[in-house]
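Asker: for reference, the sequence and a predicted model appear below.
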Amino acid sequence: MQSGDGKFTVVKADKVVDIDVRSQMSKIFAEGFSQWLDYFSEDKNKIAKAFAHMFVLDQFYVAIENDKVAGMTACTDGKTSSIRLNKKELRKHLGIFRGSIAGIVLKKEWESPFEKFPPNSGSIEFVGTAIEFRGQGAASQIIRHILKNAPYNDYVIEEVGDTNIPAVELYTKLGFEEYKRKTLSEKIAQKSGIKHYLSFKYVK
């Protein structure tokens, strides 16, 4: 199912043909999540190449305009992983040492299923917008499409940094409410600038 209600066409990533959707998604990922990955490399092009393999495309929705991926968002059942890391690919692009660490640490963090995930709920993950399309509503259109078409009663967005004001404002505008707050250690807070991880829930 796809949606053209708005500036962009929203479609499942595995249904996209004629463009290299995986490559474009990886660039969005590298730009949007680089602050968490600078230990592995500060080169965003290297990060994009290293992680391009990981997207489980049938778990992602993308916003398309003129053969360009403007934004992306995953929606899972909280048990199925939206990404699948390959240690060989990570080592190839990041080197044996950092690639191996990424394969261990990130796999544990990103691929582990949620504990006590509420039934019939959707987990919205990896929300990102391409730099040239920021501020044009790509992320909000994708999330609205998910809320309208995905088969869940409730939706959660876990662990949004309290410094990510645009994301917090977007989720609040779309009707999500904060339901959980996790305080980070002082050491981590000093390094990242983030004092709390916020979790949001949307109930139809």
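Answerer: Thanks, I have it. Numbers count the residues shown, from 1 in each chain.
Asker: by mean pLDDT, flag the weakest helix or strand of the protein.
Answerer: Least confident helix or strand of the chain, by mean pLDDT, DSSP states H and E, is helix 186-192 with a mean of 73.
Asker: can I see the domain layout of this structure?
Answerer: 9-137, 153-204 (automatic domain parsing).
Asker: for the residue nearest in space to the middle of the chain, which non-adjacent residue is closest in space?
Answerer: A centroid search over the chain (Cα atoms, centre = their mean) returns Phe126, at 0.4 Å, as the residue closest to the centre. Excluding its sequence neighbours, the residue lying closest to Phe126 (Cβ to Cβ, 6 or more residues apart in numbering) is Ala74, at 4.8 Å. Where you see a C-beta, it was placed from the backbone N, CA and C, and this is true even at glycine.
Asker: can you check Asp18 too?
Answerer: Nearest one to Asp18, counting by Cβ to Cβ, 6+ apart, is Asp67 at 7.1 Å.
Asker: just give the nearest non-adjacent residue to Val156, would you?
Answerer: Here the residue nearest Val156, using Cβ to Cβ, 6+ apart, is Lys201, at 5.1 Å.
Asker: how about Lys49?
Answerer: Going by Cβ to Cβ, 6+ apart, Lys49 has His93 as its nearest residue, at 5.1 Å.
Asker: helix, strand, or coil at that neighbour?
Answerer: The local conformation at His93, judged by DSSP: H, G, I helix; E, B strand; the rest coil, is helix.
Asker: returning to what we had before: do you know how far the residue nearest to Val156 is from Val127?
Answerer: 15 Å (Cβ to Cβ, to the nearest Å).
Asker: pick out whichever of the two has more residues nearby.
Answerer: Each of Lys201 and Val127 has its neighbours counted (other Cβ atoms under 10 Å); Val127 has more, 22 against 18.
Asker: for the more buried one, what are phi and psi?
Answerer: The phi and psi values for Val127, taken as degrees, to the nearest 10, are phi -80, psi 120.
Asker: just the CA atoms of the helix or strand containing Ala70, as PDB, please.
Answerer: Using DSSP states H and E, Ala70 falls within strand 68-76. Extracted in PDB, the C-alpha atoms of strand 68-76 (Å, rounded to 0.1, in the frame of the first residue of the first chain):
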ATOM      1  CA  LYS A  68      14.900  10.500  -4.400                       C
ATOM      2  CA  VAL A  69      14.300   9.100  -0.900                       C
ATOM      3  CA  ALA A  70      13.300  12.100   1.200                       C
ATOM      4  CA  GLY A  71      12.800  10.200   4.400                       C
ATOM      5  CA  MET A  72      12.600   6.800   6.000                       C
ATOM      6  CA  THR A  73      11.000   5.200   9.100                       C
ATOM      7  CA  ALA A  74      10.700   1.600  10.300                       C
ATOM      8  CA  CYS A  75       7.700   0.100  11.900                       C
ATOM      9  CA  THR A  76       7.900  -3.300  13.500                       C
END
